[in-house]
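> Sequence first, then the predicted structure, then my questions.
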Amino acid sequence: MLSKKTRYALMALTKLSREYGKGAILISEIAAAEKIPQRFLETILLDLKNLGILGSKLGKNGGYFLLKNPKEISMADIIRHFEGTIALVYCVSEKAYRPCEFCKSEATCKIKTVFKTIRDNTFSILQNTTIADITEG
């Protein structure tokens, strides 16, 4: 399951995607439009800024804006950043591998083989799906 933080990040990015190239958007506007608690959104947007996806502007016309084209931001990048891994079990994770505590031999474990296939297919779908793809017109 995706955390609320990840879901809110994706929702905020789709809002910013709809406004891409039109200037900065206030946090309060994003929060209201997407029904995200503003305090929680502030930390999410700062995370995305530190990741290099968002820029910010202070002042009268201030707020946040996308630094990258929505077509260049994959769902995999966002989910990996906030969730840490796409794998359902650690023994098949590329970013957060941990030895399996349950199986006798990871090399011959058929369960691991299934979860690796799930990870690979999930990653492929998420890597090939961009924020532009999930933004409503």
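Arrived safely, thanks for sending. Residues are numbered from 1 along each chain as shown.

> From here on, just use CA atoms for contacts and neighbour counts.
Will do.

> Give the residue farthest from the middle of the protein.
Residue distances from the centre of the chain (Cα atoms, centre = their mean) peak at Lys104, which lies 34.2 Å from the mean C-alpha position.

> Mind jotting down where the strands sit in this protein?
Counting by DSSP state E, the segments of the chain that form strands are 54-57, 63-66.

> sorry, back to before: local confidence estimate at the residue farthest from the centre of the chain?
Lys104 carries a pLDDT value of 82.

> quick one, longest helix in the protein?
helix 110-127 (DSSP state H).

> contacting residues around that helix?
Ser74, Met75, Ala76, Asp77, Ile86, Ala87, Leu88, Val89, Cys91, Val92, Ser93, Glu106 (Cα atoms under 8 Å, 6 or more residues apart in numbering).

> Report the distance from stretch 75-91 to the chain centre.
In terms of Cα atoms, centre = their mean, to the nearest Å, the gap separating the centre of stretch 75-91 from the centre of its chain is 9 Å.

> quick one: terminal-to-terminal distance for it?
22 Å (Cα to Cα, to the nearest Å).

> Quick check: buried residues in that stretch?
Across stretch 75-91, burial judged by 16 or more other Cα atoms under 10 Å covers Met75, Ala76, Asp77, Ile78, Ile79, Phe82, Thr85, Ile86, Ala87, Val89, Tyr90, Cys91.

> got it, and stretch 124-137?
In stretch 124-137, counting by 16+ other Cα under 10 Å, buried: Leu126, Thr129, Thr130, Ile131, Ala132, Asp133, Thr135.

> and the gap between the closest residue to the third one other than its chain neighbours and Ile111?
Okay, so that is Thr130. Using Cα to Cα, 6 or more residues apart in numbering and skipping the chain neighbours, the partner closest in space to Thr130 is Ser74 (4.2 Å). For Ser74, the distance to Ile111 equals 28 Å [Cα to Cα].
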